[in-house]
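Asks: Would you be able to build a 3D model of this:
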Amino acid sequence: MAHEERVAAKQENSEEKLDFKRILPVFVIVLVDLLGLTIIIPLLPLYAASFGLDPAMIGFLGAAYPLMQFVGAPILGRLSDKFGRKPILIISQIGTFTGFIMLGMASTAWMLFLSRFVDGISGGNIATAQAAITDTTTEKTRTQGLGLIGAAFGLGFIIGPVIAYGALALSDNDYRAPAFAAAFFSLLSILLTTFWFKETLPPEERGQNSDTTQFSFRSMLTAVTHPTVGILLILMFTQQLAFGGFEQLLSLFTLSNLGFNASGNAILFVYIGVIVVAVQGYFIGKWSQRFGDRRLVYGGLALLTVGLLLLAFTPRQPTPNYSQAALEEELYENEQEMTGKIPAPEDIAVDLPSDESKGWLGITWMLVAMVPLAIGGGILRPAINSLITKRIDHQEVGGMLGISSSFSSAANAIAPLIGGIMFQTLGPRSPFLAGGILLAVLLVIAVRAITPGREEQGERGMVRGSSH
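Replies: Residues are numbered from 1 along each chain as shown. Alright, predicted model coming up:
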């Protein structure tokens, strides 16, 4: 009897611990795949400008990737439910590799757009990676497993820009070099998936849900009305609307409020990335097991609300070493204008802080605001996705995570458009203030609408059973 109890206890402990050996291939593949994306993101606007695109067209170019990802994610997610995770990952990664090669070889503006369309619809493979994580985790370890996907994002956004600037330095600012560097990492992810990744969805579990259909807006509307996860999908969209605006507009805000140049913003983003990696790679697993995903969602919303409101009220004070003249010279410095080279910067309609009120209050306030903001942002997506997977049938996981990713991509495409208009017409603080207010309202709604589900009832039943 004692032996049986020890075996049962050992099995229970194994279910509570994440199997890193099974998760590691997915984590590395996602990280390498993301390096391609994060190498390109900081440089794409300047690359587009070298082709003569005006700011409005550059905005459309920036929206091309998330818009196509919005369409591609649920398609790839549902196909992975039907055919398995590995073949869909490989096919989508080949599309991403093709997109980067097209970007590096582009000689006209339409080729730029086509490369981002191809990369965007292939970039929906994150839903397939999330489904693979779900296949290899238990309900107790799922949040930690999905959090590692977020940690890969955080590491990618730290390492990617460093690689991009290294490629530029070695190529004398040839903007084709980062595109080909991104293609290299994309090719590496294809090889890793082909030779290292093992299929996580057995053939007997594929395509068992007859209700699973290909992507359509009707399927998204149907998902929103799902009795157990509809509110979670709405929450995913709205929280990303607030957080996506923060990500897109932060550099512009620090330029206007603190006089940060590109180097200053790079350091700030590394600071944020380190916090997100720590949260999603380590702390979220412990917090999930202690508090549960539902309470993590509440906590993430509360922290993100506080962070955005603090950010909105950051004092307008540059650091003591700030020089308005030096920043203006950096912003408006003339460079060679030729395809593939850094173009001459256009004048930007942003008021720079003066030299009269320097000090440490502005940057100190900003760094403090980033802590709850980064922790809240690091918690929310994996907690919401984990809660979704625990409240639906296993055969629906890939498709539902794909829809969740599509809602997030749609928010990422909409957020900079709305936030940019607010920034210009209502002032630099307005997008962050509006985001904080929106999240405060969402927190109230979430507390009332997201009630304990079957995953918590199961845990309570286990506790009661063990007490006897």
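Asks: Low-confidence regions, the stretch 51-200 of the chain specifically.
Replies: Along the stretch 51-200 of the chain, segments meeting pLDDT under 70 span 52-56, 58-59, 124-125, 172-173.
Asks: ok, which stretches of the stretch 301-450 of the chain are helices?
Replies: 324-332, 361-390, 397-426, 430-449 (DSSP state H, counting those that start in this stretch).
Asks: relative orientation of the third one and helix 430-449 in degrees?
Replies: When axes from the mean of the first three to the mean of the last three C-alpha atoms, to 10 degrees is applied, the directions of helix 397-426 and helix 430-449 differ by 140 degrees.
Asks: picking that back up, could you export the helices of the stretch 301-450 of the chain as TSV, including mean pLDDT?
Replies: Putting the helices of the stretch 301-450 of the chain into TSV (pLDDT from 0 to 100) gives the following:
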stretch	mean pLDDT
helix 324-332	68
helix 361-390	90
helix 397-426	78
helix 430-449	91
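Asks: of the ones you listed, which approaches Pro25 most closely?
Replies: The closest of the helices of the stretch 301-450 of the chain to Pro25 is helix 397-426. By C-beta to C-beta, the value is 17.7 Å. Where you see a C-beta, it was placed from the backbone N, CA and C, and this is true even at glycine.
Asks: which of the residues in that closest one are buried?
Replies: For helix 397-426, the neighbour count (16 or more other C-beta atoms under 10 Å) marks 397-416, 419-420, 422-423 as buried.
Asks: Helix or strand: which one has the most centrally placed residue in the chain?
Replies: Central residue of the chain (C-alpha atoms, centre = their mean): Phe153, 6.2 Å from the mean position. Under the criterion of DSSP states H and E, Phe153 resides in helix 142-170.
Asks: pretty sure Pro161 contacts Ile39?
Replies: Yes: taking C-beta atoms under 8 Å as the definition, Pro161 is a contact partner of Ile39 at 7.4 Å.
Asks: Could you check which of the two is surrounded by more residues?
Replies: Ile39 (30 against 21; other C-beta atoms under 10 Å).
Asks: phi, psi of that one?
Replies: Note on Ile39: its backbone torsions stand at phi -70, psi -40 [degrees, to the nearest 10].
Asks: check contacts around Ser70.
Replies: Check again: residue 70 is Phe, not Ser. By C-beta atoms under 8 Å, 6 or more residues apart in numbering, Phe70 lies in contact with Ser406, Ser409, Ala410, Ala413.
Asks: Distance to Phe70 for those residues - can I get that in a markdown table?
Replies: Listed next are the contacts of Phe70 as a markdown table, based on distance: C-beta to C-beta, whole Å:
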| residue | distance to Phe70 |
| --- | --- |
| Ser406 | 5 |
| Ser409 | 4 |
| Ala410 | 5 |
| Ala413 | 7 |
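Asks: tell me which of those is nearest to Gln130?
Replies: Nearest to Gln130 among these: Ser406, at 12.4 Å, using C-beta to C-beta.
Asks: Okay, the closest one and Ala164: tell me how far apart.
Replies: 27 Å (C-beta to C-beta, to the nearest Å).
Asks: same deal with Thr141?
Replies: Note on Thr141: its distance to Ala164, by C-beta to C-beta, is 34 Å.
Asks: Next: Leu232.
Replies: From Leu232 to Ala164 the distance is 35 Å (C-beta to C-beta).
Asks: more neighbours, the two?
Replies: Set Leu232 next to Ala164 and count neighbours by other C-beta under 10 Å: Leu232 wins out with 26 against 23.
Asks: secondary structure element for the more buried one?
Replies: helix 230-258.
Asks: How about Leu37?
Replies: With DSSP H and E as the criterion, Leu37 is inside helix 20-40.
Asks: next one: Gly273
Replies: helix 262-278.
Asks: What residues sit buried inside the next helix or strand after that helix?
Replies: Downstream of helix 262-278, the next assigned helix or strand under DSSP H and E is helix 284-291. Neighbour counts over helix 284-291 (16+ other C-beta under 10 Å) mark Ile284, Gly285, Trp287, Ser288 as buried.
Asks: mean confidence score for helix 284-291?
Replies: For helix 284-291, the mean per-residue pLDDT is 84.
Asks: what sits against the closest residue to Met111 other than its chain neighbours?
Replies: Leaving aside its sequence neighbours, Met111 sits nearest to Met102 (C-beta to C-beta, 6 or more residues apart in numbering; 6.1 Å). Met102 sits next to Met111, Leu114, Ser115, Val118 when contact means C-beta under 8 Å, 6+ apart.
Asks: Spell out the secondary structure type for Met102.
Replies: Using DSSP: H, G, I helix; E, B strand; the rest coil, the structure places Met102 in helix.
Asks: mind saving the C-alpha coords of stretch 278-287 as PDB?
Replies: Taking only C-alpha atoms (Å, rounded to 0.1, in the frame of the first residue of the first chain), the coordinates of stretch 278-287 have been written out as PDB:
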ATOM      1  CA  ALA A 278      12.200  36.700 -16.000                       C
ATOM      2  CA  VAL A 279       8.400  36.700 -15.500                       C
ATOM      3  CA  GLN A 280       7.500  34.300 -18.400                       C
ATOM      4  CA  GLY A 281      10.600  32.100 -18.100                       C
ATOM      5  CA  TYR A 282      10.500  31.600 -14.300                       C
ATOM      6  CA  PHE A 283       8.000  33.300 -12.100                       C
ATOM      7  CA  ILE A 284       4.700  32.700 -14.100                       C
ATOM      8  CA  GLY A 285       4.900  28.900 -13.500                       C
ATOM      9  CA  LYS A 286       5.100  29.300  -9.700                       C
ATOM     10  CA  TRP A 287       2.400  32.000  -9.700                       C
END
